[in-house]
Every structure is written in structure tokens, then in C-alpha cells.
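Trainee: For reference, the sequence and a predicted model appear below.
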Amino acid sequence: SEITRKDSLLRNLRRMRGIYGQLYDFIPESFIMPNEYVKFCQRYSELKDNGEDPIWICKPSDLSRGRKIFVFRDIGELTYDCNVVVQKYVD
């Protein structure tokens, strides 16, 4: 469904941000894997080069109840075997 899968929900929220602007700026920095892996790597490197070390959270697109969700700081810890959404963790 369009809003029950995390990847579809993110796409729809991005679309709404394009239409309504700042009203939809509540979404943390997010990447849909594997399609946006290169964009994520670029952003990860950019943050590291600026001395930032954020926590990221990886969530499978089609699972619920916290199954297979994990947090990481090092890109080497990012592993997935299905479509996932990776977001900058909001403390």
C-alpha cells in the first residue's frame, strides 16, 4: 500500500514536501535502499568530512513491530537483504 510500506510512505511525503514546502519539513534525512545507496554514501562522507558522526537507523520497508530495525554509525555496519529506509536518527 502507499502508506503502509516505509519506502512508499517516504516517496509520498517527499512528493507532498514538493507541493507544500516547509509544511512537510518534519521528515528526517532519509534514503531508500538500494536505489539511493550512492546518494547515502555521498551524504555519509560529507558529514564525516565535516566532523559529524550521526547515528543512522535502518528499517525494512515492509516489516512491522520493530523487526530487523537497527542503528549504526559506521557505514560498514549497514547490511540489508531487502528494501530498507535509512534515516538520520533524531535524538
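Mentor: Perfect, thanks for sending it. Residues are numbered from 1 along each chain as shown.
Trainee: on contacts alone, who are the packing partners of the lengthiest helix in the chain?
Mentor: Secondary structure assigned by DSSP state H gives helix 6-20 as the longest helix of the chain. Counting contacts by 3 or more C-beta pairs under 8 Å, 6 or more residues apart in numbering; DSSP states H and E, helix 6-20 is packed against strand 30-33, strand 84-88. The C-beta positions use only the backbone N, C-alpha and C, and glycine is treated the same way.
Trainee: Give the buried residues for that helix.
Mentor: Of the residues in helix 6-20, 6-7, 9-10 count as buried by neighbour count, 16 or more other C-beta atoms under 10 Å.
Trainee: how about those in CSV, adding distance to residue 20?
Mentor: Converted to CSV, those look like this (distance: C-beta to C-beta, whole Å):
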residue, distance to residue 20
6, 21
7, 21
9, 16
10, 16
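Trainee: now for those, which pair is the farthest apart?
Mentor: Considering C-beta to C-beta, no two members of these lie farther apart than 7 and 9, which are separated by 7.3 Å.
Trainee: In a strand, residue 57, correct?
Mentor: Yes - residue state for residue 57 (DSSP: H, G, I helix; E, B strand; the rest coil) corresponds to a strand.
Trainee: can you pull the contacts of it?
Mentor: By C-beta atoms under 8 Å, 6 or more residues apart in numbering, the residues touching residue 57 are 69-71, 86-87, 89.
Trainee: rerun that using 7 Å as the cut-off
Mentor: With C-beta atoms under 7 Å, 6 or more residues apart in numbering as the criterion, the residues that contact residue 57 are 69, 71, 87, 89.
Trainee: Next, count neighbours for the third one.
Mentor: What that stands for is residue 87. Neighbourhood size, residue 87 [other C-beta atoms under 10 Å]: 18.
Trainee: Let me see the confidence value for it.
Mentor: Model confidence at residue 87, expressed as pLDDT, equals 98.
Trainee: does it really touch residue 27, like I thought?
Mentor: No - under the criterion of C-beta atoms under 7 Å, residue 87 makes no contact with residue 27, lying 8.4 Å away.
Trainee: hang on, the earlier thing: would TSV of the helices and strands packed on helix 6-20 with distance to residue 45 be doable?
Mentor: Written out in TSV, the entries for the helices and strands packed on helix 6-20 read as follows (distance: least, C-beta to C-beta, whole Å):
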stretch	distance to residue 45
strand 30-33	13
strand 84-88	14
